[in-house]
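Peer 1: Give the three-dimensional model of this entry:
(chains A and B)
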2 protein chains.
Amino acid sequence: MFEKICIIGCGLIGSSILRDVYNSKISKSVTVFDNSREVIEIIKKENLCNNVSKDIQSAVKNSDLVIIAVPLSAYKEVLLSAKDSFKKDAIVTDTGSVKKEVNKIFKNLNLKDVYWLASHPIAGTEESGPNAGLKNLFQNRWTIICNDQNSKREKVEKLKKFWEFLGSKVKFMSIEDHDYILSLTSHLPHAVAYNIVLTAINTDEKFKDEIIKYSAGGLRDFTRIASSDPLMWKDIFIDNSENILKILEQFSKNIDDFKKAIIEKNGDKLLKMFSSTKIVRKEIIKAGQDVKSPDFGRKKN
Amino acid sequence: MFEKICIIGCGLIGSSILRDVYNSKISKSVTVFDNSREVIEIIKKENLCNNVSKDIQSAVKNSDLVIIAVPLSAYKEVLLSAKDSFKKDAIVTDTGSVKKEVNKIFKNLNLKDVYWLASHPIAGTEESGPNAGLKNLFQNRWTIICNDQNSKREKVEKLKKFWEFLGSKVKFMSIEDHDYILSLTSHLPHAVAYNIVLTAINTDEKFKDEIIKYSAGGLRDFTRIASSDPLMWKDIFIDNSENILKILEQFSKNIDDFKKAIIEKNGDKLLKMFSSTKIVRKEIIKAGQDVKSPDFGRKKN
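Peer 2: Predicted coordinates:
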């Protein structure tokens, strides 16, 4: 399907894509670039790819599919390095969790002759780095492709087929909808998880051991989310700040209502709140989005 | 070890205890009482116990261990019914998640000749009712027994052996410490989970389907916690209101700090916050409190 695929950034997501496409029928050749010497050493040691580019320019050169899998804050640098070396008509896509800001970067660079089409494979684990990558990570997961009425049908179809080759189910939506929906389904839960753990650890020193010991009552699983890659999440919260702030505002209002119900010992109101949340759970199960045990959208290592 | 054990309340926890003690060497006889006809029918149908008491009085009569496994708001009614029928020197314990308020009820009733000693087995699933009970639910779980310097050593030891017979590890602490620690490790996470889900469902109707579809990115697992037994959690939040309100206050302050960092696009501050939460995770793993996948302290059905 492709002559040459290049993957820029070989962390958890980039190296998982690499594992799926290297030596596969989807592309005659596959090359990777990562600016971390440590990452490159792992890729060589694990025999993940024997075609490691020495710079971004040679990586993107002649590639008809370029996949940017670096932290959001590194896109600009990557694109500035690559912009004069892209193959004409190449599809440039990414794997980032927020789209609006990086889309601006693309628009501002006004790249000629390449076709930018954002992707977001909703997959990952709590780990990061190329050692944490997995073959088939995207199997049965959703990948969102952000398109609009100006998108070229042929390019959209080609990118869709790429993700389907990796086993992913593909959904299309606008950049705005993507960033809003993800802020609710993923960014809010992560923001809150970090803050729960911060609240728990800023407690009296004398209870520290007990809090660790009884963390199985709920806290433990928030520490799991709250140990996701800090750099990635810093970028997500800053890039999607508008949606996140709006939703955190609503969340804080709900917490205040909840506090009020507790202060008033208003059992009926609490019961009503809890019953409405039970309904969503039923809808999720109905939609086939349930798993046997919670995994925060991540596959197990 | 006991002549007669009686279990008042046969939901998830009560019926799990029943599964472990019925026809075991820990007691010559075991009886249960539940005021729900539906629950009693399930117990009979599943052959969980053929000794079902018709009222609380006959259940506690001659029992040297009485286990109260009803919602917190039902303790008073149970104790008022039982108070003149207890066996002299019987141990009366419970399985509730908050201790201060129910302890007051016991103290106010001024029960003579029985020995009240609160227990909290930290175990459960997202399900409720006798069908959700499991044999060995308490295996390798912590049970907290609330004692103080006035507790009778002999009774404390006997209750400890009871929970150990069920496979549980036992830890002693004061009622105050119990309620504070659990408010951090369990009640705060649950309070927040309910509010995350409330925030997500109060969104624009047009995104409802998408939110369900992409709930795997984090939200889904909060809906799991937020579908725990509403009645049980209403009672917990009201009984432990003092601790929960104090901790929610701190949590809200942390959320405000977090919002401020996002508004200021203060990446360094965000990175610092996220790095400190990573440390707790390491401590939990070190303390052997980790599991392969998140389970919110619950065993899988």
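Peer 1: Going by C-alpha atoms from here, please, whenever you check contacts or count neighbours.
Peer 2: Fine.
Peer 1: Name the nearest residue to the residue nearest the centre of chain A, sequence neighbours excluded.
Peer 2: When chain A is reduced to its mean C-alpha position, the nearest residue by C-alpha atoms, centre = their mean turns out to be A:Ser97, at 4.2 Å. Once its chain neighbours are removed from consideration, A:Ser97 has its nearest residue in A:His120; the separation is 6.2 Å (C-alpha to C-alpha, 6 or more residues apart in numbering or on different chains).
Peer 1: my read is that neighbour is in a strand, agree?
Peer 2: Yes - according to DSSP: H, G, I helix; E, B strand; the rest coil, A:His120 belongs to a strand.
Peer 1: Show me what it bridges to in the sheet.
Peer 2: As for beta bridges, A:His120 partners with A:Ile144 under DSSP bridges.
Peer 1: ok, now which ones touch the residue nearest to the centre of chain A?
Peer 2: Residues in contact with A:Ser97 (C-alpha atoms under 8 Å, 6 or more residues apart in numbering or on different chains) are A:His120, A:Asp179, A:Leu182, A:Ile236.
Peer 1: can I get those in CSV with neighbour count and distance to A:Lys206?
Peer 2: Formatted as CSV, these follow (neighbours: other C-alpha atoms under 10 Å in any protein chain shown; distance: C-alpha to C-alpha, whole Å):
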residue, neighbour count, distance to A:Lys206
A:His120, 20, 44
A:Asp179, 23, 42
A:Leu182, 24, 38
A:Ile236, 22, 35
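Peer 1: and which of those is nearest to chain B?
Peer 2: Relative to chain B, the closest of the contacts of A:Ser97 is A:Leu182; by C-alpha to the nearest C-alpha it sits at 7.7 Å.
Peer 1: Got the confidence number for the closest one?
Peer 2: At A:Leu182, the predicted lDDT confidence score is 94.
Peer 1: which SS class is it?
Peer 2: helix.
Peer 1: Let me know how buried the closest residue to A:Ala132 other than its chain neighbours is, in neighbour terms.
Peer 2: Distances taken as C-alpha to C-alpha, 6+ apart place A:Leu12 nearest to A:Ala132, at 5.4 Å, with adjacent residues excluded. If you count neighbours by other C-alpha atoms under 10 Å in any protein chain shown, A:Leu12 ends up with 24.
Peer 1: the helices in the stretch 151-300 of chain A, which residues?
Peer 2: If DSSP state H, counting those that start in this stretch is used as the criterion, the helices of the stretch 151-300 of chain A fall at A:153-165, A:175-182, A:188-201, A:208-213, A:219-225, A:230-239, A:241-263, A:267-286.
Peer 1: Tell me the helices and strands packed up against the first one.
Peer 2: Right, the one you point to is helix A:153-165. For helix A:153-165, the contact count by 3 or more C-alpha pairs under 8 Å, 6 or more residues apart in numbering or on different chains; DSSP states H and E identifies strand A:169-173 as packing neighbours.
Peer 1: give me that answer again for 10 Å
Peer 2: Contacting helix A:153-165 under the criterion 3 or more C-alpha pairs under 10 Å, 6 or more residues apart in numbering or on different chains; DSSP states H and E are the following elements: helix A:12-21, strand A:65-68, strand A:91-94, strand A:115-116, strand A:118-121, strand A:142-146, strand A:169-173.
Peer 1: domain assignment for chain A?
Peer 2: Segmentation of chain A into domains, based on automatic domain parsing, reads A:2-173, A:178-286.
Peer 1: Quick one: the helices in the stretch 1-150 of chain A, in order.
Peer 2: Taking DSSP H, counting those that start in this stretch as the criterion, the stretch 1-150 of chain A carries its helices at A:12-21, A:37-45, A:56-60, A:75-82, A:100-109.
Peer 1: Please convert the ones you listed to a markdown table, extending it with mean pLDDT and distance to B:Ile263.
Peer 2: Shown next, in a markdown table, are the helices of the stretch 1-150 of chain A (pLDDT from 0 to 100; distance: least, C-alpha to C-alpha, whole Å):
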| stretch | mean pLDDT | distance to B:Ile263 |
| --- | --- | --- |
| helix A:12-21 | 97 | 28 |
| helix A:37-45 | 96 | 33 |
| helix A:56-60 | 97 | 33 |
| helix A:75-82 | 96 | 21 |
| helix A:100-109 | 94 | 15 |
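Peer 1: between these, which one is nearest to B:Lys54?
Peer 2: B:Lys54 lies closest, by C-alpha to C-alpha, to one member of the helices of the stretch 1-150 of chain A: helix A:12-21, at 60.1 Å.
Peer 1: Also compute the angle for that closest one relative to helix A:153-165, please.
Peer 2: 90 degrees (axes from the mean of the first three to the mean of the last three C-alpha atoms, to 10 degrees).
Peer 1: CA atoms of helix A:12-21 as CSV?
Peer 2: C-alpha atoms of helix A:12-21 as CSV (Å, rounded to 0.1, in the frame of the first residue of the first chain):
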residue,chain,number,x,y,z
LEU,A,12,5.2,3.4,23.4
ILE,A,13,2.9,4.4,20.4
GLY,A,14,5.6,4.8,17.7
SER,A,15,7.3,1.5,18.6
SER,A,16,4.0,-0.3,18.7
ILE,A,17,3.2,0.9,15.2
LEU,A,18,6.7,-0.1,14.1
ARG,A,19,6.1,-3.6,15.5
ASP,A,20,3.0,-3.9,13.4
VAL,A,21,4.3,-2.5,10.1
